[in-house]
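Chemist: based on what follows, work out the 3D shape:
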Amino acid sequence: MITHIYDFLEKNLIKFSKKIAFVEPFAKERKEITYKDFDLFSKKLASEILKTLGSDNPTQAPVLIILPKGIDCLISFFGVALSG
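Modeler: Now for the predicted structure:
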């Protein structure tokens, strides 16, 4: 049962790790990212968020994301969700 947004990604990562997860067709240069890379970048961002917040109860700290729609915004959303 999927209970966390990351469960959705993890389920698809197992099946489709090398397939394209997201595409930005209208960017200046077409951008795309595989499930494996999306997972990797999301986890790296989550790790950086936790390092930055330190041990001051990071699961309760708000994180603001101000980005245009696109792959970077999705990575940020998942990274924040993974950080707690």
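Chemist: which elements pack onto the helix or strand Asp72 falls within?
Modeler: Assessed by DSSP states H and E, Asp72 sits inside helix 71-83. Helix 71-83 sits against helix 5-16, strand 20-24, strand 31-34, helix 35-53, with contacts defined as 3 or more CB pairs under 8 Å, 6 or more residues apart in numbering; DSSP states H and E. Placement of C-beta: from N, CA and C, glycine included.
Chemist: among the ones you listed, which gets the worst mean confidence?
Modeler: If the helices and strands packed on helix 71-83 are sorted by mean pLDDT, helix 5-16 sits at the bottom with a mean of 85.
Chemist: isn't Leu67 right next to Ser76, touching?
Modeler: Yes. Leu67 lies in contact with Ser76 (CB atoms under 8 Å); the separation is 6.1 Å.
Chemist: next, the buried residues of stretch 74-84.
Modeler: For stretch 74-84, burial by neighbour count (16 or more other CB atoms under 10 Å) applies to 74-80, 82-83.
Chemist: just stretch 11-31 next, same as before
Modeler: For stretch 11-31, the neighbour count (16+ other CB under 10 Å) marks 13, 21, 24 as buried.
Chemist: can you dump the C-alpha coordinates of stretch 8-21 into PDB?
Modeler: Taking Å, rounded to 0.1, in the frame of the first residue of the first chain, the C-alpha atoms of stretch 8-21 are listed here in PDB:
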ATOM      1  CA  PHE A   8       5.200   5.700  -5.600                       C
ATOM      2  CA  LEU A   9       8.700   6.600  -6.900                       C
ATOM      3  CA  GLU A  10      10.300   3.600  -5.200                       C
ATOM      4  CA  LYS A  11       7.800   1.200  -6.800                       C
ATOM      5  CA  ASN A  12       8.500   2.600 -10.300                       C
ATOM      6  CA  LEU A  13      12.200   2.800  -9.600                       C
ATOM      7  CA  ILE A  14      12.300  -1.000  -9.200                       C
ATOM      8  CA  LYS A  15      10.500  -1.600 -12.400                       C
ATOM      9  CA  PHE A  16      11.700   1.100 -14.700                       C
ATOM     10  CA  SER A  17      15.100   2.400 -13.300                       C
ATOM     11  CA  LYS A  18      16.500   3.300 -16.700                       C
ATOM     12  CA  LYS A  19      13.400   4.600 -18.300                       C
ATOM     13  CA  ILE A  20      12.500   8.300 -18.500                       C
ATOM     14  CA  ALA A  21      10.400   9.500 -15.600                       C
END
